[in-house]
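Undergrad: just need the structure, nothing else, for what follows:
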Amino acid sequence: MFAAFAILATPALAQQGGMQGMDHSQMKGMNHNDMATMMAGNPYGQAEMDMHQKMMAAKQGDPSEMWTRKMIEHHRGAITMSRVAVRDAKDAETRQMAQMTITKQEKDIAELQAWIRKHGKRPQ
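TA: Predicted structure coming up:
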């Protein structure tokens, strides 16, 4: 059921993510480098694509373990995007919020990985 929802929701989510007007049929068979070229001007594009790919690949375990592994990748993506903001944002407040996000997400990842270890699994 969730997989069906994800497949149906993907075009709508892509449109919300800044890919409006793009011919999604062109995406079939494209690799990440091709997509990154199409998203030129978006400093977060590669991080977004990497995070999405890693979240989709996190399929091991029961629903609890799978959720935990997907959230780790989600938080890692937030860290990567925040590092871009720290490096490139012109606004000092944005850079400060991005740095705070990095600190918080690193703490959250450690907690999620501890949960995985507690349940006898190996974190990625």
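
Undergrad: before we move on, which element is residue 104 in?
TA: helix 92-118 (DSSP states H and E).

Undergrad: tell me what that helix is packed against?
TA: Applying 3 or more Cβ pairs under 8 Å, 6 or more residues apart in numbering; DSSP states H and E, one finds that helix 92-118 contacts helix 63-88. C-beta here means a position set from N, CA and C on the backbone, and glycine is covered the same way.

Undergrad: and the helix it packs on, what does it pack against?
TA: Looks like helix 63-88 contacts helix 45-57, helix 92-118 (3+ Cβ pairs under 8 Å, 6+ apart).

Undergrad: out of those, nearest to residue 78?
TA: helix 92-118 (4.9 Å; Cβ to Cβ).

Undergrad: buried set for that closest one?
TA: 95, 98, 101, 102, 105, 108, 109, 112, 113, 115, 116 (16 or more other Cβ atoms under 10 Å).

Undergrad: same thing with stretch 44-57?
TA: 44, 45, 46, 47, 48, 49, 50, 51, 52, 54, 55.

Undergrad: can you pull the contacts of the nearest residue to the fourth one once chain neighbours are set aside?
TA: Spelled out, that is residue 47. Once flanking residues are discounted, residue 47 sits nearest to residue 80: 4.1 Å by Cβ to Cβ, 6 or more residues apart in numbering. Listed by Cβ atoms under 8 Å, 6 or more residues apart in numbering, the contact set of residue 80 reads 47, 50, 51.

Undergrad: where does pLDDT dip in this structure?
TA: Residues of the chain meeting the criterion pLDDT under 70: 1-38.

Undergrad: at 50 what do you get?
TA: By pLDDT under 50, the low-scoring segments of the chain are 1-26.
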